[in-house]
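Undergrad: Quick one: sequence and predicted model below, then my questions.
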Amino acid sequence: MIRTIRSIQAIGIATYKEWAAYRSHMAISLLIGPVYFLVQYFIWHAVYQDRETLNGFTLEQMLAYFGIAAVTNYLTFDFADWNLQMLIRTGKFVTFALRPMPHWLFALSQKIGHRSLGFWIEFVPIFLIFQFAFQVDIIPAQPMWAVATIVLSFLMNFFINYCVGMTAFWLVRAEGIRRVFLLLKDISAGLFVPLSFFPEQLQKVLFFLPFQFTSYVPTRVFIGDYELAGIKLSIPAIVGVQACAVALMAAVTLLLYHAAIRRFSGVGV
Amino acid sequence: MTMIEVNQLTKTYMTHERGHSMREIAMNLIRRPMKEVRAVQDITFSVNRGEMVAFLGPNGAGKSTTLKMLTGVLHPTSGEAKVLGLTPWKQRREYVRHIGAVFGQKSQLLWDIPPIDAFYMNKAIYGVPEADYRRRLDQLTTLLQVGDIMKKPTRQLSLGERMKCEFIMAMLHGPQLVFLDEPTIGLDVFAKESIRDFIKDMNKQGVTFILTTHDLDDVELLAERVIVINHGEIVYDNALTNLQRLLGDKKNVRIVTDTPIRQLSLQGVTVVNSISEVEAELEIDTEIIPLKRFINAVNEQCGIQDMAITPLPIETLMKELYGQGSRTMTAASATGVPAGVAAQQGDLSM
Amino acid sequence: MIAVIRSAATCFWAVMRTKMAEQMAYRSHFVLSVILLIAGDLVVPLITLLVYRSGATFAGWTLYEALLVQAIFGLAKGIAFPLFFGMVNTTLGLVREGTFDLLLLKPRSVLWMTMLRGLDLDDFGRLISGGVLFGYALSGVSAPSITGWLQFAVLFAASLAVLCTFALLLSGLLFQWVGSSRVFDIFDSVTSFGMYPGTIYSKAVQQLLTYVIPVGLIANMPAVALLGRGGWETLGAAGASVVFLALGLWFWHAMLGRYTSAGG
């Protein structure tokens, strides 16, 4: 157990250093994040010209929604799917199959290192810009629950993406699948527009899919109230639901991983 | 007739220094210290039409920087070069029309489509007339025995087949000067042989070749002249055969004796590799101890059972040349003494 | 002059032929890739639809009018991406691998070689989504006048010039900023200003988006022309695109100059 934690720590630190060399790639978020937010700012100001609320959101809440979604995304962002597919396609996965640690845990440790760097370079500065320059209230209503939901969303994002990455064990050209899936994931996670804008029936479907737990749920937890498909839940309740969903997704990932390794060593992808 | 004339070519550039410790990396987030690197310093040499010259040197010595400048890809910091009467980096577009290049590790073919389609594309880019294109393609495919493989997608070709196609790609516009960068890397013995034969053939037809490689067989079999670069300077520029004389007349001796060799103590003899008590590999400086005397002495002291005498392997020569760096030969080339004369004088401080 | 153009055209077709051959090697991939591009380009129109469905509007524009802006954006991308944005991929990939030098060994202008190398056929697929959306949007607005169409033609050319400039800026950036695929994120974020009706922005921002970073020219201005709301004076904005393009060309060559005098 202690050895595993040490390994996670060592991999995390190595990844942190590796990416520190490319920090300018990450720091460009300081331009991109605020620019996207400015566009949202103008759009919603125009939309709210002749109304007070839209789908239950006031203008301030709407801007807070996009601000929080953007900022929390820097804490939970993930590209395990891309990375795993690349390893499989180029045949480099074999070097991981030979290590005394499952690759999914290795990848998760890498994500911890990568996001630790992102915390300083992306999250902190953009949090300050949004909070003070754009006057968006990002400070969560209930901080402890906010931390919990971020951790869960961090894991959820990883498990979903890792599963998408594993499709490359079975499919030759998994790249296309990955891109379609990610687009659908981002739409169903509420990154482009709050899920309450979708038709009622679709909202019911989205409630039972894992995607809302990556972005929509943490954003609503920050704001302090949760509602989807007419279902209103208290903050502790929705975080509890999120925890169950993450556990379920973790189980799916492990099952898939074992099947993938069996296939890898049997067929030698 | 001179084809390449290089005069005091120099290239320096700035690079970031990168830290290793956590603290240094944290500091680097704010400020990255810069450091000047002298890749090539005051290089001067010339090459005649029809020559085959090998550029040698350890990794990072400045070889590829020199070649990049000679191909017009990189601008030098100072110095001049005239190749085919043009300055490569100033008249790039006109210049590259007359040169070709093959890189063992960088493919110019297109991965998913047959080489023949890539040839056709190059024909349009170089504006090669149809008749010339047909004639050269015929000639090259016959010479390299390529045949139908150039109609298969590149990704299905073996490395040897692909390299042959790389050569065709580089020669279709009839270049007078061709740069080869590790052209035989990773190839099997048969492919190496046919590539080398092809290069020799083209050289006989008047094409000048500049070759860089780490494969010393390439050098021995192809190049009459070698230019060795180390630490950004030319440390040797002469015929390959003179290299051995340059480093003193040394021989490599493998010997088996009756009694243990350990007791053997002779000036000018160093043990390179002690295989067993009675078997060893020695290096002998014949200027200090002539072979005849060495054999007599060993026979008296230990009794010779078996013995093989060979010239120093080229690897050993290279290692010595790389190891001792710039202090040796530049004096000769800088003072304008023809390198050959300097080499024959063997004025080396060993 | 004619010889130069003919030789350039020969080059172009020879490269297009190999690109087509390349695509045919992966037909199924090509189809999938086109479908994905279309899906990706339809996300913003989808959101627009969702907003209008909830009874809201963008500063008084009808749904069809707003979609017209996004359709023109798609059409402009459908032409500019296959032709120009391959340059970004070319510098991104080749500078990182260290094989950009191979382009410098060809006896053609480096910019032309970079563009040829990057020609990307799948991106023509965006013309499908852009075209369908364009037809749909036009069906919901009053038919444009001849003047409107003429102004549209000039402004659409300006739109392509603006997109080409973006490609040059990003590609130039990659000579220095090796291997960062995030330049596409920069493009997407900055140009997202251009996907919505211009009047949602304040006057100052509108001026900024027309004359300084002319992303308003990509879709909004051509759409305004078709809707008959722009006078001939809007064509002055097309002048801004020419200046912008000149700037892009200068920047690209300056960065190439740095590239060929750096490194080792």
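TA: Done, it's in. Residues are numbered from 1 along each chain as shown, chains lettered A, B, ... in the order given.

Undergrad: Could you report the pLDDT at the residue of the stretch 51-200 of chain B found nearest chain A?
TA: The minimum distance from the stretch 51-200 of chain B to chain A, using CB to the nearest CB, falls at B:Asp112 (13.2 Å). (Each C-beta comes from the backbone N, C-alpha and C, glycine too.) On pLDDT, B:Asp112 comes in at 80.

Undergrad: Looks like it contacts B:Lys152 (just checking).
TA: No - contact criterion CB atoms under 8 Å: B:Asp112 and B:Lys152 do not qualify, at 11.4 Å.

Undergrad: Read off the pLDDT value for the nearest residue to B:Pro88 once chain neighbours are set aside.
TA: Leaving aside its sequence neighbours, B:Pro88 sits nearest to B:Gly72 (CB to CB, 6 or more residues apart in numbering or on different chains; 3.4 Å). As summarised for this prediction, B:Gly72 has a pLDDT of 88.

Undergrad: My guess is B:Gly72 contacts B:Glu94. True?
TA: No - the criterion here is CB under 8 Å, and B:Gly72 misses it with B:Glu94 at 9.7 Å.

Undergrad: By proximity to chain C, which residue of chain B wins?
TA: Going by CB to the nearest CB, chain C is nearest to B:Ala124 of chain B, at 3.4 Å.

Undergrad: What of chain A?
TA: Counting by CB to the nearest CB, chain A gets nearest chain C through A:Ala46, at 3.7 Å.

Undergrad: In which helix or strand does that residue reside?
TA: Here A:Ala46 sits within helix A:29-47, counting by DSSP states H and E.

Undergrad: I'd like the mean pLDDT over that helix, please.
TA: 91.

Undergrad: So what touches the stretch of helix or strand B:Phe119 belongs to?
TA: Per DSSP H and E, B:Phe119 falls inside helix B:115-126. For helix B:115-126, contacts defined as CB atoms under 8 Å, 6 or more residues apart in numbering or on different chains pick out B:97, B:108-110, B:128, B:133, B:137, B:149-151, B:154, B:157, B:162, B:165, B:168-169, B:172-173, C:10-11, C:13-15, C:17-18, C:21, C:106-108, C:113, C:116.

Undergrad: between whichever helix or strand comes after it and helix B:115-126, how big is the angle?
TA: Sequence-wise, the next helix or strand downstream of helix B:115-126 (DSSP H and E) is helix B:130-144. Per axes from the mean of the first three to the mean of the last three CA atoms, to 10 degrees, the angle that helix B:130-144 makes with helix B:115-126 is 140 degrees.

Undergrad: so what does the very next helix or strand once past helix B:130-144 touch, helix or strand wise?
TA: As assigned by DSSP H and E, the chain's next helix or strand after helix B:130-144 is helix B:159-171. With contacts taken as 3 or more CB pairs under 8 Å, 6 or more residues apart in numbering or on different chains; DSSP states H and E, helix B:159-171 sits against strand B:99-103, helix B:115-126, helix B:130-144, helix B:189-204.

Undergrad: Deepest in the core, which of the ones you listed is it.
TA: Highest mean neighbour count among those (mean count of other CB atoms under 10 Å in any protein chain shown): strand B:99-103, with a mean of 23.

Undergrad: Next, the angle from that strand to helix B:159-171.
TA: 160 degrees.

Undergrad: Hey, what's the angle from strand B:99-103 to helix B:189-204? Just curious.
TA: Going by the same axes, to 10 degrees, strand B:99-103 makes 170 degrees with helix B:189-204.

Undergrad: what sits up against strand B:99-103?
TA: Contacts for strand B:99-103 (CB under 8 Å, 6+ apart): B:71, B:83-84, B:163, B:166-167, B:170-171, B:173, B:175-183, C:102, C:105.

Undergrad: quick check: mean pLDDT across that strand?
TA: Mean predicted lDDT for strand B:99-103 stands at 92.

Undergrad: residues touching the nearest residue to B:Asp218 once chain neighbours are set aside, list them.
TA: Distances taken as CB to CB, 6+ apart put B:Thr184 closest to B:Asp218, at 5.7 Å, once the chain neighbours are dropped. Each residue near B:Thr184 by CB under 8 Å, 6+ apart is listed here: B:104, B:163, B:191-192, B:195-196, B:213, B:215, B:218.

Undergrad: do the same with A:Asp186
TA: Applying CB under 8 Å, 6+ apart, the residues contacting A:Asp186 are A:192, A:215.

Undergrad: before we move on, back to that, send me the helix holding B:Phe119 as CSV with only the CA atoms.
TA: The C-alpha trace of helix B:115-126 is given here as CSV (Å, rounded to 0.1, in the frame of the first residue of the first chain):
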residue,chain,number,x,y,z
PRO,B,115,6.5,5.9,-54.3
ILE,B,116,5.7,6.4,-58.0
ASP,B,117,3.0,9.0,-57.0
ALA,B,118,5.5,10.8,-54.8
PHE,B,119,7.9,10.8,-57.7
TYR,B,120,5.3,12.3,-59.9
MET,B,121,4.6,15.0,-57.4
ASN,B,122,8.3,15.8,-57.2
LYS,B,123,8.5,16.1,-61.0
ALA,B,124,5.9,18.8,-60.8
ILE,B,125,7.6,20.6,-57.9
TYR,B,126,11.0,20.6,-59.6
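
Undergrad: next one: stretch A:40-52 to chain centre, how far?
TA: 27 Å (CA atoms, centre = their mean, to the nearest Å).

Undergrad: for stretch A:93-109, that is, sorry about that
TA: 21 Å.

Undergrad: Please point out which parts of it sit buried.
TA: A:93, A:96, A:103-104, A:106-109 (16 or more other CB atoms under 10 Å in any protein chain shown).

Undergrad: Of the residues you listed, which one scores lowest on pLDDT?
TA: A:Phe96 (81).

Undergrad: What distance do you get for it to chain B?
TA: As for A:Phe96, its distance to chain B is 25 Å (criterion: CB to the nearest CB, to the nearest Å).

Undergrad: And A:Ile28, by the same measure?
TA: On the measure of CB to the nearest CB, A:Ile28 and chain B end up 15 Å apart.

Undergrad: which one is that residue nearest to, not counting chain neighbours?
TA: C:Arg182 (5.0 Å).

Undergrad: So in the chain, where's the weakest helix or strand by average pLDDT?
TA: Reading this off chain A. helix A:93-97 (a mean of 80; mean pLDDT, DSSP states H and E).

Undergrad: nope, chain C
TA: For chain C, judged by mean pLDDT, DSSP H and E, that is helix C:27-41, with a mean of 81.

Undergrad: can you pull out the strands in chain A?
TA: Under the criterion DSSP state E, strands of chain A are mapped to A:53-54, A:57-58, A:226-228, A:231-233.

Undergrad: Sweet, I'm off.
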